[in-house]
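Novice: return atomic coordinates for the entry below.
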Amino acid sequence: MAPKLVILISGNGSNLQAFIDAIAKSDLKAEIQVVISNKKSAYGLQRAEKANIPTLVFPLKPYKDAGKTRIEYDVDLANIIKEKYNPDLIVLAGWMHILSAEFLDILPDKIINLHPALPGQFDGTHAIQRAYKAFMEGKIPHTGVMVHKVIPQVDRGETILTRVVPIYKEDTEDTLEERIHNVEHEIIVEGAKEFLKSKNLYEE
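Specialist: Have a look, this model is predicted:
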């Protein structure tokens, strides 16, 4: 039985596409059960539909409008994922919500995230822009990308894989971002495979 994945997105879904392509080419032997987005406008939903993968839009706004908390949203979403899908792995592929401890308690040690920086460098948002600025100021020689387990502390979970990404003095933020995205598409699939292997859920 192929391992079961749930992928969470908020936008373009280019890293989701990396999974779709890897599975189509049998580079990754897994099944995407559902793609969940917190935004109905996320282009990644169209990518999933083209690949005949079920989708679920689960926005936060109705909770806010009803005076409910972010934690109530997280608990409901985590319970839907657990009860309806019970996946082997949940991948945050451009999911722009920080998951609460309450979400993680319901689905412990099942979630990985991609972050466009090396461990301990540039946690949180705008990591690429911050790395570019630091390089231009002579503070770092390069940047990188990591795949890590998700814990309540943002971008601080156990590292699964890292990849150094060079920065060149002729780079712009845009050229660096493109180089990082190309690496992301490779490392996120590799990271998922490594995570599943560590749980004895993956056979080549």
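
Novice: need the longest helix for this structure.
Specialist: helix 173-198 (DSSP state H).

Novice: now that one: buried residues?
Specialist: 176, 179-181, 183-185, 187-193, 195-196 (16 or more other CB atoms under 10 Å). Bear in mind the C-beta positions are built from the backbone N, C-alpha and C, glycine included.

Novice: mind listing the helices for the protein?
Specialist: Counting by DSSP H, the helices of the chain are 14-24, 44-50, 61-65, 70-80, 101-106, 127-136, 173-198.

Novice: so which of those comes closest to residue 145?
Specialist: Proximity to residue 145 (CB to CB) singles out helix 173-198 among the helices of the chain, at 5.0 Å.

Novice: so which elements touch that closest one?
Specialist: For helix 173-198, the packing partners by 3 or more CB pairs under 8 Å, 6 or more residues apart in numbering; DSSP states H and E come out as helix 14-24, strand 89-92, strand 111-115, helix 127-136, strand 142-149, strand 159-166.

Novice: how far does that helix sit from its chain's centre?
Specialist: 10 Å (CA atoms, centre = their mean, to the nearest Å).

Novice: and the angle for that helix with strand 111-115?
Specialist: 160 degrees (axes from the mean of the first three to the mean of the last three CA atoms, to 10 degrees).

Novice: quick one, which of the helices of the chain is nearest to residue 146?
Specialist: helix 173-198 (7.8 Å).

Novice: could you give the number of residues near residue 142?
Specialist: 12 (other CB atoms under 10 Å).

Novice: roughly how far apart are it and residue 164?
Specialist: 5 Å (CB to CB, to the nearest Å).

Novice: what about residue 25, how many residues close to it?
Specialist: That count, for residue 25 with other CB under 10 Å as the rule, works out to 8.

Novice: next one: residue 47
Specialist: Counted with other CB under 10 Å, residue 47 comes out at 20.

Novice: sorry, back to before: can I get the helices of the chain in a markdown table including mean pLDDT?
Specialist: Converted to a markdown table, the helices of the chain look like this (pLDDT from 0 to 100):
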| stretch | mean pLDDT |
| --- | --- |
| helix 14-24 | 97 |
| helix 44-50 | 98 |
| helix 61-65 | 95 |
| helix 70-80 | 97 |
| helix 101-106 | 96 |
| helix 127-136 | 97 |
| helix 173-198 | 97 |
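
Novice: sorry, back to before: now the helices and strands packed on helix 173-198 as CSV including distance to residue 46?
Specialist: Output for the helices and strands packed on helix 173-198, formatted as CSV (distance: least, CB to CB, whole Å):
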stretch, distance to residue 46
helix 14-24, 10
strand 89-92, 18
strand 111-115, 21
helix 127-136, 25
strand 142-149, 25
strand 159-166, 28
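
Novice: much appreciated, bye for now.
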